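Q: Sequence and predicted structure, then a few things I'm wondering about:
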Amino acid sequence: HEWTLDALRQGLDVVRLKGGDPFLYGRGAEEIEVFRKAGFAVEVVPGISSCLAAPLAAGIAVTTRGVADQLFVATGHGMHDTVPREIAPYAPGRTTVYLMSVSRMDSLMARLRQTGFPEATPVAVVERATTVHQRVLRGTVADIAARCKAEAVQSPATIVVGRAASALEHSAFSGDLPSSQSSCSKYVLGRGAVFAP
């Protein structure tokens, strides 16, 4: 934090733009304390968490009526570079999103199987979400680790586990429309309103 504190002491404004979720498995709270203790005001501009944005960018609705009515967010990066000891048990109506986990795919998927996740449970891995380099790999708890290894998936990547990971896989929810539909109108759905361009 020294370079940011130096800039603040010189009277400059400092923007700390995070590529991840600074308050979800991040060190946002710690950073605020550092700056406040040094006598500086801190303003937090909330964003949309990657645990929701990455699946959405890949055409995955983490909760969908009749598919998933629960959402569980976890890190796959436990203490001392291990997979967390406690994994939420399998529930058919739950979507589990793992952040900071792609480097531990083998051990994470093994832990899921050990805790009762059926091997056929759908999994989607969203690599570099919302960028021009975004890739989505789909598989199951049994095979996704091998697929990710074969495709050299790297961080940042968000892992979505559960039926929601494949529920809209073959829909036009995300991406370009087929050429036969290219002249169709589309709608944009946002909080509180539906806009028809």
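A: On my side now, so go ahead.

Q: Excluding sequence neighbours, find me the nearest residue to residue 115.
A: Counting by C-beta to C-beta, 6 or more residues apart in numbering, residue 115 lies nearest to residue 87, which is 4.7 Å off, once chain neighbours are set aside. For the C-beta atoms, the positions are set from N, CA and C on the backbone; glycine is no exception.

Q: Contact partners for residue 148?
A: By C-beta atoms under 8 Å, 6 or more residues apart in numbering, the contact set of residue 148 is 102, 105, 125, 137, 157.

Q: Apply 7 Å and report the result again.
A: Residue 148 makes contact with 102, 105, 125, 137, according to C-beta atoms under 7 Å, 6 or more residues apart in numbering.

Q: which SS state does it fall under?
A: For residue 148, the assignment made with DSSP: H, G, I helix; E, B strand; the rest coil gives helix.

Q: mind checking how far it is from residue 123?
A: According to C-beta to C-beta, to the nearest Å, residue 148 and residue 123 sit 9 Å apart.

Q: just to revisit the earlier point, between the contacts of residue 148, which has the most around it?
A: In terms of neighbours by other C-beta atoms under 10 Å, the contacts of residue 148 top out with residue 125 at 27 neighbours.

Q: Noted, bye for now.
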